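Asks: Any chance you can model this:
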Amino acid sequence: SNMVQEIIINMISKVDSPKPNVFMVGDVKQSIYRFRQARPELFMHKYSTYSNEKDSPFRKILLYKNFRSRKNVVDSVNFIFSQIMSVNAGELDYTENEALNPGAEFPENEQEKMISGGSAELHIINTGISDDESNSYTEERDDDVAAPQEEEMLDNMQCEARMVAKRLRMLMEPDEAGNFFAVFDKEKKKYRNLKYRDIVILLRTTRNWSNVFVEELTLAGIPVFADTGSGFFKTTEVQVVLSLLQIIDNPYQDIPLLSVLRAPIFSFTTDDLVDIRLAMRKGLLFDGLIKLSADETGEACNKAKTFLESLTKWREASLYLPTDQLIWRLYSDTGYYSMVGAMPNGEQRQANLRILFERAKQFEETSYKGLFNFINFIDKLKSSKGDMGSAKILSENDNVVRIMSIHKSKGLEFPVVFLSGCGKKFNLQDMNKSILLHQDMGFGPDVVDYKKRLSWPSAAKEAIKEKIKTVTLSEEMRILYVALTRAREKLIVTGSTGNMDKALKRWVSTSNTKEKKLPDYQMLNGRNYLDWILPAVLRHSDCHDFRDTASGNNEFKGLLIDDQSHWDIKLWSKNDILIDKESEELQDELLDWVETKEDNKEINSASAISIDEIERRLSWEYEYIDAAYIPAKVSVTELKRRFNIQSSEESTAMSAFTTTLVKKPMFLEEKKGLSAAEKGTIAHFIMQHVDLDEIKMSVGEKYRGIIANQVEQMVAKDLLTVKQVESVDLGMIEKFFGTELGKKMLAAKSIRREIPFNIAIPFEELYKKDNKKYMEEETVLLQGVIDCYFEEEDGVVLIDYKTDYVPEGKEDIIKDRYKFQLDYYSRALEKITGKRVKAKFIYLFQSGDILNL
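Replies: Numbering: from 1, shown residues only. This next block holds a predicted model:
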């Protein structure tokens, strides 16, 4: 319960009277609702203070028997939690008093060719995809899987889902001796063959995971249903109808239009879509469709005419029909409702379309009516993550494997439980908030130094962060307990790791203790469920093979526990998962072919055809490989370097972007002052931040004093160090403001300094020699920073500062070196301001010369 519930119960139960009238039932090990502000410590207080005496007004009755699970399931759970759960890690000491006692009766299975029960299983997959060892915990993301790390996670999920599908099929099929796995039917009081509906796959979170598991199990021919509570708007049938509604409202939307054309309603082929684009190479797809329909002949033309006629009819109907009636008319006119009924999971698809119709009907009863408002309502619902679950048409007797979250499984039981995703890292994103809150410890903010523009966590925040970590991991441990105790007859735990060797070393290190309880600090450093389960199982006396594999050549120093539970452990590689029998047979055929070809043996014509096809595929090269090496963006400096290199060495177009400049490590560098580049950076920094208004108000001789005062203020604010300032001659900066160019700049009404820019330039402009026809429309993003520009009535003046040392009479070298750079700056500036750049200047700090380009 939470504090609100506790206060209400105390008020109505006469808790302060001699005979309080409240009866509570609970198991603190199954308290998994902290996100609803549940506080296990409330129950623990009663548990520790109530008496076992019958006459006590505050009495507790202990119920230890488990009437759900087979003895080996109960023993397996006890074996794990007696080692990992304690007051500090789990908020409860899992002693003999807390351990489960088997109370369920399972008669002996005397039927032939049937086996039941068996050991608890643990399957670990080495995906070979590197885990982020620097981060112990992960954050949930709201966006779709896109980042490289998320793609790797998707690969992990696919491997695990495919392994689960393999193990599940093995359970459903007879073993090598012809025996079937059987479960005890409580209603019929006898054993029967395992059915799909007896199996559940539990996941810590169904988000992202359930879709992958559904896909892999479906590919394996296993009927499956995932109760995710979301995904309605992502179903194909709903997306098609919503796209159709969107183009009825506004046909000038390419993506919805393309979705409808490709749908079974109109069945436009890829060639048809090409014809539409050829009819109008540029512009919107709908205009191309209209132009194509004007042709007199052709299948694509006829399809376009039919589509436009239907669309016109529906658009007219949308003006007077309520949205729900319009949707039902679309179902009727297109036959789409019947079509989806004939597809796989047709009943589910039709139910989803009925829900969409009902939602539209409910919407029409509000004050916001009409198709446009309904589409906006759906868009806002999707953008605010307001998705809803697919239609629920599943009954208890439907013969499908169920996938659900651990939270949704609470209170339920299943003959066979797969607990999957145990390698998924714990989510501790609550620790990363800028301000942490705790009901007892208060709030923990960051400390902010506005002068130095720095922030760091306060001591209070660090304390609260540790508390949040402890209570969250304790909650995760209880969630694990709930998951393992859902199994009635068979428990199978699965998980994956990106680096098996590192993981095994970590688990062995955790289990190397002579105490029965694993160290609390190790439990609180666990990254995932495997970090709790594996160190415990490693110490089982029967698991010597797994222990030898994990320990390698080192002696295992942990306590060995002789326990009544039994565990079967299997380590999988990625190849074990991804290569099925058909792939292995194909691999054997290829090896035979290679040997045959090497021995110059004759091959028949049929084999020759397949061999040619294999050779063609294996020797295939990507036609546009050059485009893959085009940099997405490049700086002006890199561009200048490229042209310098190309002109002198006639190098290839890409070499300038793939050259690595190897620099000596710092410990090999001699102790020197600031480099010329560093001094130049400091000079640019001062020119960017000096107060020009203050300089405008002074004259000649006072420039240096004003600039020096301003630089001292920069040092006081920790923007510059004393050493940095001493390395720069402020006289160079003073000299600039005394020049005609400096005076013009000070007199200008608009002055901008250190302006970053990005502009797209044609690929062919950079790579004239290497240009291919297919690259004509490619562009490269050019980025740079303009030192300074100011505006006058007849245009813009561009200034670039250089701290290069230039020998007397060699100014033309500087002009040639930087002309290319300033030309691009000028182009960017004209695009930014919309004004002509009338002059480009380079100011040389060392000599005080001004070069006009």
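Asks: so where do the helices sit in the stretch 401-550 of the chain?
Replies: In the stretch 401-550 of the chain, the helices defined using DSSP state H, counting those that start in this stretch lie at 406-409, 459-484, 500-511, 520-524, 530-538, 544-551.
Asks: Poorly predicted segments of the stretch 551-700 of the chain, please.
Replies: Within the stretch 551-700 of the chain, the stretches with pLDDT under 70 are 578-610, 624, 626-629, 637-673, 699-700.
Asks: ok, back up a step: could the helices of the stretch 401-550 of the chain go into CSV alongside mean neighbour count?
Replies: C-beta coordinates here come from the backbone N, C-alpha and C atoms, glycine included. Formatted as CSV, the helices of the stretch 401-550 of the chain follow (neighbours: other Cβ atoms under 10 Å):
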stretch, mean neighbour count
helix 406-409, 18
helix 459-484, 19
helix 500-511, 19
helix 520-524, 17
helix 530-538, 25
helix 544-551, 16
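Asks: Going by mean pLDDT, which of those comes out lowest?
Replies: Of all the helices of the stretch 401-550 of the chain, the minimum mean pLDDT falls on helix 544-551 (a mean of 87).
Asks: State the distance from residue 246 to residue 39.
Replies: 48 Å (Cβ to Cβ, to the nearest Å).
Asks: Which one of the helices of the stretch 401-550 of the chain lies nearest to residue 674?
Replies: The minimum distance between residue 674 and these falls on helix 459-484, with 37.0 Å, by Cβ to Cβ.
Asks: Mind giving me the packing neighbours of that closest one?
Replies: helix 71-84, helix 406-409, strand 414-420, strand 436-438, strand 442-444, helix 520-524, helix 530-538 (3 or more Cβ pairs under 8 Å, 6 or more residues apart in numbering; DSSP states H and E).
Asks: Return the angle between stretch directions for the first one and strand 414-420.
Replies: Spelled out, that is helix 71-84. 40 degrees (axes from the mean of the first three to the mean of the last three Cα atoms, to 10 degrees).
Asks: okay, the helices of the stretch 401-550 of the chain in a markdown table with distance to residue 289 next?
Replies: Listed next are these as a markdown table, based on distance: least, Cβ to Cβ, whole Å:
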| stretch | distance to residue 289 |
| --- | --- |
| helix 406-409 | 46 |
| helix 459-484 | 53 |
| helix 500-511 | 55 |
| helix 520-524 | 62 |
| helix 530-538 | 54 |
| helix 544-551 | 63 |
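Asks: Out of those helices, which gets nearest to residue 759?
Replies: Per Cβ to Cβ, nearest to residue 759 of the helices of the stretch 401-550 of the chain: helix 459-484, 43.5 Å.
Asks: how about the helices of the stretch 401-550 of the chain, which one is nearest residue 799?
Replies: helix 459-484 (46.5 Å).
Asks: any idea of the angle the closest one forms with helix 71-84?
Replies: Using the same axes, to 10 degrees, helix 459-484 lies at 170 degrees relative to helix 71-84.
Asks: distance between helix 459-484 and the chain's centre?
Replies: 23 Å (Cα atoms, centre = their mean, to the nearest Å).
Asks: how big is the angle separating it from helix 530-538?
Replies: Using the same axes, to 10 degrees: helix 459-484 against helix 530-538 is 50 degrees.
Asks: Start at 53, not 1
Replies: Renumbered: residue one is now 53, and that last one reads helix 511-536.
Asks: any idea where the strands of the stretch 703-852 of the chain begin and end?
Replies: With DSSP state E, counting those that start in this stretch, the ranges of strands along the stretch 703-852 of the chain come out as 802-814, 831-844, 847-854.
Asks: Kindly reformat the helices and strands packed on helix 511-536 as JSON lines containing distance to residue 148.
Replies: Shown next, in JSON lines, are those (distance: least, Cβ to Cβ, whole Å):
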{"stretch": "helix 123-136", "distance to residue 148": "8"}
{"stretch": "helix 458-461", "distance to residue 148": "26"}
{"stretch": "strand 466-472", "distance to residue 148": "25"}
{"stretch": "strand 488-490", "distance to residue 148": "33"}
{"stretch": "strand 494-496", "distance to residue 148": "38"}
{"stretch": "helix 572-576", "distance to residue 148": "19"}
{"stretch": "helix 582-590", "distance to residue 148": "17"}
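Asks: so which of those gets nearest residue 210?
Replies: Nearest of the helices and strands packed on helix 511-536 (Cβ to Cβ): strand 466-472, 12.2 Å.
Asks: Surely residue 412 touches residue 382?
Replies: No: with contact defined as Cβ atoms under 8 Å, residue 412 does not reach residue 382; the gap is 10.8 Å.
Asks: Can you say which of the helices of the stretch 453-602 of the chain is nearest to residue 419?
Replies: Nearest to residue 419 among the helices of the stretch 453-602 of the chain is helix 458-461 (35.6 Å), distances taken as Cβ to Cβ.
Asks: Sounds good, over and out.
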